[in-house]
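Enquirer: 3D model of this:
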Amino acid sequence: MSERLIQDIHAAISRRDWNAVETAANAIRDDEHSTRRILAGTDIGSLPIDMSTSKMAEKRMAELSAIIEDRARFPDRPDVIGRMIEANIGNLKACKQSAEDHANRAIDRAIKAESENAVLFSSARRQAFGEVAQKAREYAAHYPEASDGRNTFIIFAEWAEEQP
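Expert: Prediction:
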């Protein structure tokens with residue numbers, strides 16, 4: 001409970017401001033209700049009317065200390081939170097494995113496509129050099145026998161045919 005709320009109620013009483021007294025009292029009641037709800041925890045469906053807030057706090061602290069002690073003594077036997085964490089870690093591992101599998105398939109496809117492209121490129125390159133060699137021999141035919149022009153085109157054609 002907030003000290004500020006208690007100070008507000010005292011000030012309102014001394015001023016005889018009954019509206020302010022009612023507002024401060026409602027705020028104190030709401031604060032007490034939310035505190036009791038937090039102390040009750042999620043395992044209790046309804047709050048016990050006869051249990052004081054201090055007893056609820058003591059009970060909750062005892063439960064928490066028992067949980068902490070159990071986790072320390074039996075780390076291999078997890079409680080609900082431990083099982084949730086294990087499930088989350090399992091999901092993360094499964095996601096990681098799935099991502100790795102997907103990446104490996106993509107890499108395999110890329111390598112296969114690259115090798116197919118290399119074969120296609122090599123074939124296209126050989127064909128292009130073959131066409132260049134053929135054209136160079138055509139041009140060589142326009143020159144007289146044993147001329148520099150003819151010999152240059154013949155050497156160029158031979159070089160083009162040797163290319164991989």
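Enquirer: mind giving me the domain ranges of the chain?
Expert: 3-73, 80-162 (automatic domain parsing).
Enquirer: in the protein, which helix is the longest?
Expert: Longest helix of the chain, by residue count under DSSP state H: helix 80-141.
Enquirer: chain center to stretch 102-113: distance?
Expert: 22 Å (C-alpha atoms, centre = their mean, to the nearest Å).
Enquirer: let's verify residue 153: helix, strand, or coil?
Expert: Three-state call for residue 153 (DSSP: H, G, I helix; E, B strand; the rest coil): helix.
Enquirer: what is the neighbour count of the residue nearest to it when sequence neighbours are not counted?
Expert: Of all residues beyond its chain neighbours, the one nearest residue 153 is residue 140 (3.6 Å), with distances taken as C-beta to C-beta, 6 or more residues apart in numbering. Just so you know, the C-beta spots here come from the backbone N, C-alpha and C atoms, and that holds for glycine as well. Residue 140 is flanked by 18 other residues according to other C-beta atoms under 10 Å.
Enquirer: do the one 3 residues further on as well
Expert: By the other C-beta under 10 Å criterion, the neighbourhood of residue 143 contains 15 residues.
Enquirer: and residue 130, by the same measure?
Expert: 14.
Enquirer: likewise residue 24?
Expert: Residue 24: 21 neighbours (other C-beta under 10 Å).
Enquirer: so who does it touch?
Expert: Residue 24 sits next to 5, 8, 9, 12 when contact means C-beta atoms under 8 Å, 6 or more residues apart in numbering.
Enquirer: my read is that the last one contacts residue 27, right?
Expert: Read it as residue 12. No. If you go by C-beta atoms under 8 Å, residue 12 and residue 27 don't touch, sitting 11.2 Å apart.
Enquirer: all set, thanks.
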